[in-house]
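Peer 1: Below are the sequence and a predicted model; questions follow.
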Amino acid sequence: MVQIFVLFRLYTSYYSVTGLYERLREDESNYPDTMDQRYGAWASLISLFGMVYEGGHHDEMYLPARKGQLFDPTVYPFLIGLRSPDDADNNDNNYSEIINICNSLKNGVKPVPVFNGEVEFPEIFARDNPGFDAIIGNPPFAGKNTTINGNIEGYLDWLKVVNPESHGNADLVAHFFRRAFDILRRNGTFGLIATNTIAQGDTRSTGLRFICENGGIIYNAQKRLKWPGLAAVVVSVVHLFKGDYVGKKWLDNQEVDVISAFLFHTGGNKDPQVLLANADKSFQGSIILGMGFTFDDDKPDATPIAEMHRLITENPQNAEIIFPYIGGEEVNSSPTHSHRRYVINFGEMSEEKARKYSDLMNIVEEKVKPERLAQKDKIGKEKWWQFLRSRTELFQAISQLNRILVTNCGATHHLSLTFVPVWYLLIL
């Protein structure tokens, strides 16, 4: 009898229009300002239509396939989320396209494993106040590029859709925080390990900032905790409560009145306001994406500097697009911050115009183009002879200056600042 009751609750909550309506009505009562973000409602309705047409089962629950024209997605493609229900000529193609997409997600390159927590744990999600009581874990850390390269194409864009107000530059761990918070029941708690950037920048805004502004309370946190194992990493440990928390709060083993999304003992959770007075004064340097652009005696992917001098001697025109090249390495390691490398920079030239510098274009085509074509960045592929990010706005801002203040934006123990001439090409 208990099993039958649980299965009935599972069906009512997740495979019936009545259950969907009740969940939406409860959401409207609890979160009236975010009802336009209930993207899962349409997905649930699509699942219901599919269950009626194809049938389904879970443990002892069995729903026979009803088939029939009324719920046939080839007749009414809107039943599976397509936008052209009246386009009869394309129904079969549209249905096949959806099936192919599903199969490619499950079986293609970097497949997406199928796991539906609400179906796997009906006793958790089919009860009043659904969700987990507690979650503990050590979710993966991954920056933007690692996340893109390690997952199926479009994965990062999907994360930004399912987690509103998230940023593409956020560490992957912030999305795990969001998911853990979503599947907690009210008055539930989680304790997760995170990269120490969880309280910084876009990762903080995507994760803790959103959670703290939507019913989450951090009640215990440790910042910059050295990992006890062999890995040389520094982490943060965050414990969070979903609901009205009335207990004590501890930050780095000290009792405090509040713990903000910045993992600080005072202040709010919102992103800092942008100071318009500082607009167009701070920039990241160029991102070339291809060491084949460079002349460097120390890098196997680069061209030797002696070859650069030979090309300039044979054709002085080549000097027009070869520039000194300085990065964080020179800023941090050289007392004079002088350059030792050079770089080919076609700027925003068209391919036709860039080929007028045939000697240099041949180098870039041989050493840069294959790497670019292997990248997922569409612009990087199409304009392989240009830098991935040339930072035109940077060079416009400094065009009337003689020198600029630079620092290394990469990971380093030491902050080093210095002035360099504006005619250096910067990758800081």
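Peer 2: Thanks, I have it.
Peer 1: what's the neighbour count on Leu225?
Peer 2: Neighbourhood size, Leu225 [other C-beta atoms under 10 Å]: 15. Every residue, glycine included, has its C-beta placed from N, CA and C.
Peer 1: The residue lying closest to it once chain neighbours are set aside and Ile211, how far apart?
Peer 2: Using C-beta to C-beta, 6 or more residues apart in numbering and skipping residues adjacent in sequence, the residue nearest Leu225 is Val235, 5.3 Å away. Separation of Val235 from Ile211 (C-beta to C-beta, to the nearest Å): 18 Å.
Peer 1: OK, contacts around the residue minimising distance to the centre of the chain?
Peer 2: Residue closest to the mean C-alpha point of the chain, counted by C-alpha atoms, centre = their mean, is Gly168 at 3.9 Å. By C-beta atoms under 8 Å, 6 or more residues apart in numbering, Gly168 lies in contact with Lys144, Leu156, Lys160, Asp202.
Peer 1: Turn these into a markdown table, including pLDDT, distance to Leu172 and neighbour count.
Peer 2: Shown next, in a markdown table, are these (pLDDT from 0 to 100; distance: C-beta to C-beta, whole Å; neighbours: other C-beta atoms under 10 Å):
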| residue | pLDDT | distance to Leu172 | neighbour count |
| --- | --- | --- | --- |
| Lys144 | 85 | 9 | 15 |
| Leu156 | 88 | 9 | 19 |
| Lys160 | 90 | 12 | 15 |
| Asp202 | 92 | 12 | 18 |
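Peer 1: nearest to Tyr219, of those?
Peer 2: Asp202 (24.4 Å; C-beta to C-beta).
Peer 1: just checking, what packs against whichever helix or strand the closest one is part of?
Peer 2: Using DSSP states H and E, Asp202 maps to helix 201-204. Contact partners of helix 201-204 among helices and strands, from 3 or more C-beta pairs under 8 Å, 6 or more residues apart in numbering; DSSP states H and E: helix 172-182.
Peer 1: export whatever helix or strand comes next after the helix it packs on as CSV, just CAs?
Peer 2: Next helix or strand after helix 172-182 toward the C-terminus (DSSP H and E): strand 184-195. C-alpha atoms of strand 184-195 as CSV (Å, rounded to 0.1, in the frame of the first residue of the first chain):
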residue,chain,number,x,y,z
LEU,A,184,17.1,21.3,-1.3
ARG,A,185,13.8,21.3,0.5
ARG,A,186,12.9,24.4,2.5
ASN,A,187,14.9,24.2,5.8
GLY,A,188,17.4,22.0,4.2
THR,A,189,21.2,22.6,4.2
PHE,A,190,24.2,21.8,2.1
GLY,A,191,28.0,21.9,2.8
LEU,A,192,30.2,22.1,-0.3
ILE,A,193,33.9,22.5,-1.0
ALA,A,194,34.6,25.2,-3.6
THR,A,195,37.5,27.0,-5.3
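Peer 1: hmm, back to that, now for the residue nearest to Leu225: which residues touch it?
Peer 2: Contacts of Val235 by C-beta under 8 Å, 6+ apart are Ile193, Ala194, Thr195, Asn196, Arg224, Leu225, Trp227.
Peer 1: who wins for neighbours among those residues?
Peer 2: Ala194 (24 neighbours).
Peer 1: these two touch, right, that one and Val238?
Peer 2: Yes - with contact defined as C-beta atoms under 8 Å, Ala194 counts as touching Val238 (6.0 Å).
Peer 1: shared neighbours, these two?
Peer 2: Phe177.
Peer 1: what sits up against stretch 137-145?
Peer 2: Contacts of stretch 137-145 (C-beta under 8 Å, 6+ apart): 150, 156, 168-173, 176-177, 180, 190, 192-195.
Peer 1: Return the member of those nearest to Phe262.
Peer 2: Distances from Phe262 to those, taken by C-beta to C-beta, are shortest for Ala194, at 13.4 Å.
Peer 1: Now do the contacts for the closest one.
Peer 2: Taking C-beta under 8 Å, 6+ apart, we find Ala194 in contact with Pro139, Phe141, Val173, Phe177, Gly207, Val235, Ser236, Val237, Val238.
Peer 1: helix/strand/coil for the first one?
Peer 2: With DSSP: H, G, I helix; E, B strand; the rest coil as the basis, the three-state label of Pro139 is coil.
Peer 1: Quick one, grab the pLDDT at the residue nearest to the centre of the chain.
Peer 2: For Gly168, the pLDDT comes out at 88.
Peer 1: Between the contacts of Ala194, identify the one with the most neighbours.
Peer 2: Neighbour-wise, the contacts of Ala194 (other C-beta under 10 Å) top out at Gly207, 31 neighbours.
Peer 1: if I read this right, that one contacts His167, doesn't it?
Peer 2: No - using C-beta under 8 Å, Gly207 is not in contact with His167, being 9.9 Å away.
Peer 1: ok, which stretches of this structure are strands?
Peer 2: Assigned by DSSP state E, the strands in the chain fall at 56-58, 61-63, 132-137, 184-195, 216-226, 234-242, 249-251, 254-256, 294-295, 322-326, 341-344, 403-407, 417-421, 425-426.
Peer 1: Now do the first one, average pLDDT.
Peer 2: In this model, strand 56-58 has a mean pLDDT of 61.
Peer 1: likewise the third one?
Peer 2: Along strand 132-137, the predicted confidence averages to a pLDDT of 95.
Peer 1: buried residues in that strand?
Peer 2: Across strand 132-137, burial judged by 16 or more other C-beta atoms under 10 Å covers Phe132, Ile135.
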